[in-house]
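Enquirer: Give the three-dimensional model of this entry:
(chains A and B)
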Amino acid sequence: MKPPTDRGSLALGAYVYAVLAFIIVPLVIVIPMSFSQNDYLAFPPSGFTLKWYSEYFDSRQWRAATWLSVQVALLTALFASVIGTAATYAMIRGHSRLVTAFQIALIGPIIVPHIALAVGLYLFFQTIGLSGTIPGFVLAHTVLTLPFVVFTMAAALGKVDANLEAAAMSCGATRFQAFRLVTLPLVLPSLASSALFAFIISFDEPVVSFFLSGVRQKTLPRRMFEDIEQNLTPVIPAIATLLIMLSILILLGAHVLRSRSVTR
Amino acid sequence: MTEAGRSHFWHSDGRRLSGLSTLLLLLPFFTIIAFVFVYPILQLLVISILEPHPTLDNYARVVENPVHMRVLMRTLWTAMLVTALSVVLGFPVAYYMSRAKGTVAALVAVCVILPLWSSVLVRTAAWSFLFQRNGLINSALMSLGLTSQPFKLLYTQSAVVIAMTHVLLPFMILPIYGALRSIPNDYGRAAAVLGATRLRTFLEVILPLSLPGVVSGSLLVFLTALGFFITPALLGSPQEMMISTLVSKQIREVLDWPFAAALVGVLTVFVTLLAIIFSKMLRFDRLMGNAS
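Expert: Numbering: from 1, shown residues only, chains lettered A, B, ... in the order given. I've put the predicted structure just below:
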């Protein structure tokens, strides 16, 4: 093939970089805004200040919302990765008569609009007293994150040779020992990265949180929504910057785990 | 489980879990899906046809009221527009990504994947800043002398379409990229050897083979766009509601549950039917495989 120097390739390159700018500029533009001294909307930002960050960290309301979201995301990551891994393992190693039901259960939470689930859960949790509670948020977010855990774990577990476990079991290990000592170490990096993804999905989840949040128990996304809707304060660029940093950390973590993975 | 380990040495059954273990391992998964996903949605559908008494009146109100009909049409039109824009913007990026190597490839991948894993609220807030009266877009237009008055950008349907395209674009790029990557390099080379120009190779070999990715990405973007809530709620005009913002209004302000349930019913049934019809073309696994 010809080296990509002709006009068509140049045009393609220019177009692609314009689209990439469209994707990435709105995301990074909040970073300089968050350090701007006076009018945070003015561009280029003037001066340098950390006052919007200290406003965020000093505010009892923002701290409470963040802490609630952290708790919910940690518990969601734990539940989703354990429940999702157990189910995936069963589907791969077991008598898979439930394949169709399993697939529907996985695709359902991705396809059905989050607004539908949010409204349904709002009504259901109100009647059983789970609305605005940590268990309520965790249950809802576990449903939303399970498909991602299962996809990751299915890819990882599918690559572990079933003969390895069979060999361990023929040497006297129980099924659980074979899983714990042979399979689990092999898929541990994938398990950790699926937990990371479940954490960030839950931490950033806006729609279900929006409806399940009570007057007192508000997740960080719900607090952000209210702030953007009502007055769009300069704290938002500061929080947005922190959230982008968190996403970068999570992706870096997942990348490191992936490069360490034996089963990749 | 212990019995399975003791009873056979090199029996093929040793690799399979017993029926009971399979069931126990699947139980938490199916329990949570049944109670926290299936039940709440079924309950809404039941409310929509049983309250205040067994009737289809709630659905009649959706289609007979011209205001509500306009909301449905606007939602449908917005989702189609966002899908079309995503294909036009996303396909070249996916194509470029599938050909790029080394640092360039990594850079492009970061640009596509980082937004996917960052908060929708962050991205919507960013657009809210950009669209302000004195925001970056208006200042740029005015300093370039293109306009003397700032445009009203925020709280318009155009703002919603642009921001939704921005949020959903990775869902288009990744499936197309997946499809393009699965085309063996030999095909392009074979076409070149046989004398095809690069354009012809692209049009007759690469493009047809990438169509499954385009279809899968389009479905994903279209179905997600139909029920999108955050972006229309924060950037859209209250006079130009979409179905999700109308649902939210019915629940939070009007407190009309049966009608809200019917709206959710229309949306959910429509999306589910489309997903069933096109189920063979939806490839969710690709999203995750590329993201991690």
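
Enquirer: For chain B, what's its nearest residue on the stretch 101-250 of chain A.
Expert: In the stretch 101-250 of chain A, the residue that lies nearest chain B is A:Pro113 (2.4 Å; Cβ to the nearest Cβ). Yep, even glycine has a C-beta here, placed from its N, CA and C like the rest.

Enquirer: which residue sits closest to that residue in space, ignoring its chain neighbours?
Expert: B:Gly227 (2.4 Å; Cβ to Cβ, 6 or more residues apart in numbering or on different chains).

Enquirer: what sits against the closest residue to chain A within chain B?
Expert: Per Cβ to the nearest Cβ, B:Gly227 is where chain B lies closest to chain A, at 2.4 Å. B:Gly227 is in contact with A:113-116, B:243-244, B:267, B:271, counting by Cβ atoms under 8 Å, 6 or more residues apart in numbering or on different chains.

Enquirer: same check, this time on A:Tyr53
Expert: A:34, A:238, A:242.

Enquirer: Alpha carbons of the helix or strand where it lies, in CSV - could you do that?
Expert: Assessed by DSSP states H and E, A:Tyr53 sits inside helix A:51-58. C-alpha atoms of helix A:51-58 as CSV (Å, rounded to 0.1, in the frame of the first residue of the first chain):
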residue,chain,number,x,y,z
LYS,A,51,-10.4,28.6,46.5
TRP,A,52,-13.0,26.5,44.5
TYR,A,53,-11.3,23.3,45.7
SER,A,54,-11.2,24.5,49.3
GLU,A,55,-14.9,25.5,48.9
TYR,A,56,-15.6,21.9,47.9
PHE,A,57,-13.6,20.3,50.6
ASP,A,58,-14.8,22.7,53.3
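
Enquirer: what about it, average pLDDT?
Expert: In this model, helix A:51-58 carries a mean pLDDT of 92.

Enquirer: cool, and stretch A:103-119?
Expert: 93.

Enquirer: which other residues reach that stretch?
Expert: Applying Cβ under 8 Å, 6+ apart, the contact partners of stretch A:103-119 are A:140, A:143-144, A:146-147, A:150-151, A:207-208, A:210-212, B:29-30, B:33, B:37-38, B:40-41, B:44, B:223-224, B:226-227, B:229, B:244, B:247-248, B:251, B:260-261, B:264, B:267-268, B:271-272, B:275, B:279, B:282, B:284.

Enquirer: Pull out the buried residues from that stretch.
Expert: Buried residues in stretch A:103-119, defined by neighbour count with 16 or more other Cβ atoms under 10 Å in any protein chain shown: A:105-119.

Enquirer: do stretch A:135-149 as well
Expert: By neighbour count on 16+ other Cβ under 10 Å, the buried set for stretch A:135-149 is A:136-149.

Enquirer: and if you look at stretch B:230-238?
Expert: Buried, per 16+ other Cβ under 10 Å, within stretch B:230-238: B:230-236.

Enquirer: got those residues as CSV, with secondary structure columns?
Expert: Converted to CSV, those look like this (DSSP: H, G, I helix; E, B strand; the rest coil):
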residue, secondary structure
B:Ile230, helix
B:Thr231, helix
B:Pro232, helix
B:Ala233, helix
B:Leu234, helix
B:Leu235, helix
B:Gly236, coil
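
Enquirer: Is it possible to get a markdown table of these that adds distance to A:Ala167 and pLDDT?
Expert: Listed next are these as a markdown table, based on distance: Cβ to Cβ, whole Å; pLDDT from 0 to 100:
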| residue | distance to A:Ala167 | pLDDT |
| --- | --- | --- |
| B:Ile230 | 51 | 96 |
| B:Thr231 | 53 | 96 |
| B:Pro232 | 56 | 96 |
| B:Ala233 | 56 | 95 |
| B:Leu234 | 56 | 95 |
| B:Leu235 | 58 | 95 |
| B:Gly236 | 60 | 93 |
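
Enquirer: quick check, nearest of those to B:Val93?
Expert: Ranked by distance to B:Val93 (Cβ to Cβ), these are led by B:Thr231 at 20.8 Å.

Enquirer: how near is that closest one to A:Gln103?
Expert: Remark: distance between B:Thr231 and A:Gln103 (Cβ to Cβ, to the nearest Å) = 29 Å.

Enquirer: What is the most widely separated pair among the contacts of B:Gly227?
Expert: Pairwise distances across these (Cβ to Cβ) peak at 12.8 Å, for the pair A:His114 and B:Ile243.

Enquirer: ok, back up a step: so which of the buried residues of stretch A:135-149 are in helices?
Expert: Using DSSP state H, the subset of the buried residues of stretch A:135-149 located in helices is A:136-149.

Enquirer: Within the helices and strands, which one has B:Pro115?
Expert: helix B:102-116.

Enquirer: so does the next helix or strand after that helix get close to chain A?
Expert: Using DSSP H and E, the helix or strand that follows helix B:102-116 in sequence is helix B:120-131. Yes. Applying Cβ under 8 Å from any Cβ of the partner chain, one finds helix B:120-131 in contact with chain A at B:120-130.

Enquirer: So for helix B:120-131, mean pLDDT?
Expert: Mean predicted confidence for helix B:120-131 is 93.
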